[in-house]
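**Q** The amino acid sequence is not available; the structure is as follows:
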DNA sequence: CTGAAAGCGCTTACAG
DNA sequence: CTGAAAGCGCTTACAG
């Protein structure tokens, strides 16, 4: 790598002056400026960000923590975050992290990341906060509201004659499980009865992937309760659940209607196409990154609520009489 | 952040000694060692990696470049790479990059990444190499062989009575399109005739996503050639193609059998389940990262060939008479 | 407008 | 075994 020193020598100026023109941080006579720029160009000089970081204390490197890299939902969040990040000269690293592994978060701090995006549910975040760099997550300044989407979904089901709607929770009920609360409200709103035996709580690990969807659905079936529709807390779980249903010889949607959440692009290729809720992940990613930059620069914080919207597809049909 | 200086003061040793014990890089009397360790612990000291990097010239930060973050294939590669990386104390950042954007690669160099994994096809890599840090990609030391898988696939199709097999290439034919070559060989091996009108070349952009699959399939249908099976260069393209077929009222697999490549975990949730080739993406990711570390450390390079294997699922059936 | 100098937090010969 | 010192490549008051 060519250093500032070489540029200074070639341009016959001091090293400081090179910094001044490269960073545009001080007035410099046009001629000197030209000389430096020419040297920079000729040598292909690029400032060493490591050295710069050591003094400025900023790396323009942020980390995004997810609990399951394979969930395409996070890819969209990431793309949203990167779209803002790259404009602002930031780079974002995704790390798949087992929740409760404080150590790796500490390591990020020692690497000097300027900030952290917690992309997993806000329920899992608390422990980490306050250590090290600024953090953002959905649930503080950037909010996600599922209320209308869930209400619309229940409304749609009721209209089609469904009375018993199950839920696969994904997130433990003892935590701040807003989607569960919205679900209960919606059930009440539409005059249904809540049957707690149709609510399948999360497993202890707190995963929300296909395997957990399968597990939860298996448990639900074992309970031998009557139900004609299931709402899973995300699409991956819904897909796992669909598979279990299919293997049990239960037809979707004729026997059971099913709804997921996240609107993964993949859903349109399933058969039946899966009903879901659009959560505008890309938008969420953008908002989180935006907020993080504001926190880093200690600017006034913006606030943003994103509304999920219900999407009805083939996986929902009239309930059997 | 607590610095080495504070540790030194607390432990009543020189700053150098702190480094010696933290890095375990020199003999130190047990007592001194204890004192230092105690201070480190008490203060929660972690070496500033930025400062360290400035002198050691290594950041233990590598970048992985992909052409479509949304392809779950890359997520698996990433997970494989990270599994090796984290053992070795490396962190890997994924960047979605528009090929031919040399600038961003240069920026990575100025950020001091120790190496780069090019996860997109090796066809797209050439331009970048030789600039900056060590690079790895499939096609050098880590090889992917599709030969057997493609031959098995054609064998399977022939056995089921297929005579006219189309291919959606994804990668331009003028580039080093090994899968196309393997396809041609397999066609010949099994006594079929190659009909070049059944080969749909990539679009100029060189994308390989659902949209490109849809585009290619639309083009194929427009050619009005007879065919009973289609091989798409990856699963995403196959899914896009499936959709076009379905919308055209063509049944899968009764009218057309279809095969993808990558074995995305999602495929088992499609209906019909999609035949594909397992490319062991996780394994590929591990091998690439392994190789990259060897290059970085200037160790002897390992070499590794990964064989894809054909997976026959519901999307293949007997050809119509 | 320009530059000499201190300092960011480390590593690592070198000397004692 | 221990530490003083140079140096990694930058930024940025400060002085001229």
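**A** The structure has been received and is ready for your questions. Quick caveat, the model's predicted, so the values are computed rather than measured. Numbering: from 1, shown residues only, chains lettered A, B, ... in the order given.
**Q** C-alpha only now, for contacts and for neighbours.
**A** Noted.
**Q** what's the burial count for the residue of the stretch 51-200 of chain A found nearest chain B?
**A** Here the residue of the stretch 51-200 of chain A nearest chain B is residue A:93; by Cα to the nearest Cα that distance is 4.3 Å. By other Cα atoms under 10 Å in any protein chain shown, 24 other residues sit near residue A:93.
**Q** Could you verify my assumption that it touches residue B:92?
**A** Yes. With contact defined as Cα atoms under 8 Å, residue A:93 reaches residue B:92; the gap is 6.8 Å.
**Q** how far away is the closest residue to residue A:21 other than its chain neighbours from residue B:77?
**A** In space, residue A:21 comes closest to residue A:33 once its chain neighbours are excluded; the distance is 6.2 Å by Cα to Cα, 6 or more residues apart in numbering or on different chains. Per Cα to Cα, to the nearest Å, residue A:33 is found 46 Å from residue B:77.
**Q** Same drill for these two, tell me which one is more crowded.
**A** Legend: neighbour count by other Cα under 10 Å for residue A:33 and residue B:77, higher for residue B:77 (23 against 20).
**Q** Contacts for the helix or strand the residue nearest to residue A:21 falls within, please.
**A** In this structure, residue A:33 sits in helix A:30-43 according to DSSP states H and E. For helix A:30-43, the external contacting residues (Cα atoms under 8 Å, 6 or more residues apart in numbering or on different chains) are A:2, A:7, A:8, A:10, A:11, A:13, A:18, A:21, A:22, A:46.
**Q** Which other helices and strands does the host helix or strand of residue A:63 contact?
**A** Take DSSP H and E as the rule and residue A:63 turns out to sit in strand A:61-66. Judged by 3 or more Cα pairs under 8 Å, 6 or more residues apart in numbering or on different chains; DSSP states H and E, strand A:61-66 is in contact with strand A:91-96, strand A:115-118.
**Q** can I get those strands in TSV with distance to residue B:104?
**A** Formatted as TSV, the helices and strands packed on strand A:61-66 follow (distance: least, Cα to Cα, whole Å):
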stretch	distance to residue B:104
strand A:91-96	11
strand A:115-118	21
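**Q** Minimum distance to residue A:247: which of these has it?
**A** Closest approach to residue A:247 among these is made by strand A:91-96 (31.1 Å; Cα to Cα).
**Q** Show me which parts of that closest one are buried, residue by residue.
**A** Neighbour-count burial for strand A:91-96, counted by 16 or more other Cα atoms under 10 Å in any protein chain shown, picks out A:91, A:92, A:93, A:94, A:95, A:96.
**Q** What of stretch A:301-316?
**A** A:304, A:306, A:307, A:308, A:309, A:310, A:311, A:312, A:313, A:314, A:315, A:316.
**Q** Report the contact partners of the closest residue to the third one other than its chain neighbours.
**A** Same thing as residue A:307. Spatial nearest neighbour of residue A:307, excluding adjacent residues (Cα to Cα, 6+ apart): residue A:145 at 4.8 Å. Contact partners of residue A:145, counting by Cα under 8 Å, 6+ apart, are A:305, A:306, A:307, A:308.
**Q** got it, and residue A:307?
**A** The neighbourhood of residue A:307, defined by Cα under 8 Å, 6+ apart, consists of A:144, A:145, A:146, A:148, A:149, A:279.
**Q** Does the fourth one touch residue A:279 like I think?
**A** What it means is residue A:148. No. Checked against Cα under 8 Å, the pair residue A:148 and residue A:279 is beyond contact range at 11.8 Å.
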